[in-house]
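In: I would like to see how this sequence folds:
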Amino acid sequence: MNAIQKISLFFELRSFGVSTWFARKMRVPVSRVRLFFIYFSFIGLGSPVILYLMMAWVLEHKHIFKFQRKRKTIWEL
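Out: Below you'll find the predicted structure:
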């Protein structure tokens with residue numbers, strides 16, 4: 001076994017343990033957790049579009065969030 005295969009095997013053994021641990025904590029099958037991470041990685045490729053849509057929504061509803069400061073009037077100076 002060469003060094004690259006040893007490194008690959010090391011990380012494969014450790015990474016599957018994370019999915020198993022998370023599945024046990026959430027009390028769901030391990031295959032569902034792994035499938036979730038696969039789907040999430042595909043969604044991650046479209047994240048700039050999702051981020052753009054979220055920013056557009058915030059811009060459209062900015063009156064809810066009160067981003068703008070009220071300016072002092074001349075009488076308050």
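In: can you get me a residue count around Ala3?
Out: 7 (other C-beta atoms under 10 Å). C-betas here are computed from N, CA, C, even on glycine.
In: er, Phe37 actually
Out: 12.
In: quick one: it from Leu53, how far?
Out: 23 Å (C-beta to C-beta, to the nearest Å).
In: ok, now Val28?
Out: Taken as C-beta to C-beta, the span from Val28 to Leu53 is 29 Å.
In: where does the residue most central in space within the chain sit: helix, strand or coil?
Out: Most central in the chain under C-alpha atoms, centre = their mean is Gly44, positioned 7.7 Å from the mean C-alpha point. Secondary structure state of Gly44, per DSSP: H, G, I helix; E, B strand; the rest coil, is helix.
In: what sits against it?
Out: Applying C-beta atoms under 8 Å, 6 or more residues apart in numbering to Gly44 gives no contacts.
In: can you list the weak-confidence ranges in the protein?
Out: Scanning the chain for pLDDT under 70 picks out 14-16, 49, 51, 65-70, 76-77.
In: residue farthest from the centroid of it?
Out: Of all residues in the chain (C-alpha atoms, centre = their mean), Trp75 lies farthest out, 47.6 Å.
In: elements contacting the helix ranked longest in the chain?
Out: Assignment by DSSP state H gives helix 3-26 as the longest helix of the chain. Here helix 3-26 is seen to pack against helix 30-45 when contacts are counted using 3 or more C-beta pairs under 8 Å, 6 or more residues apart in numbering; DSSP states H and E.
In: buried residues, the helix it packs on. List them.
Out: Using 16 or more other C-beta atoms under 10 Å as the burial criterion, the residues of helix 30-45 that qualify are Val33.
In: between it and helix 3-26, how big is the angle?
Out: Here helix 30-45 runs at an angle of 110 degrees relative to helix 3-26 (axes from the mean of the first three to the mean of the last three C-alpha atoms, to 10 degrees).
In: could you look up the SS state of Val28?
Out: Classified using three-state DSSP, Val28 is coil.
In: pull the number of nearby residues for it.
Out: 12.
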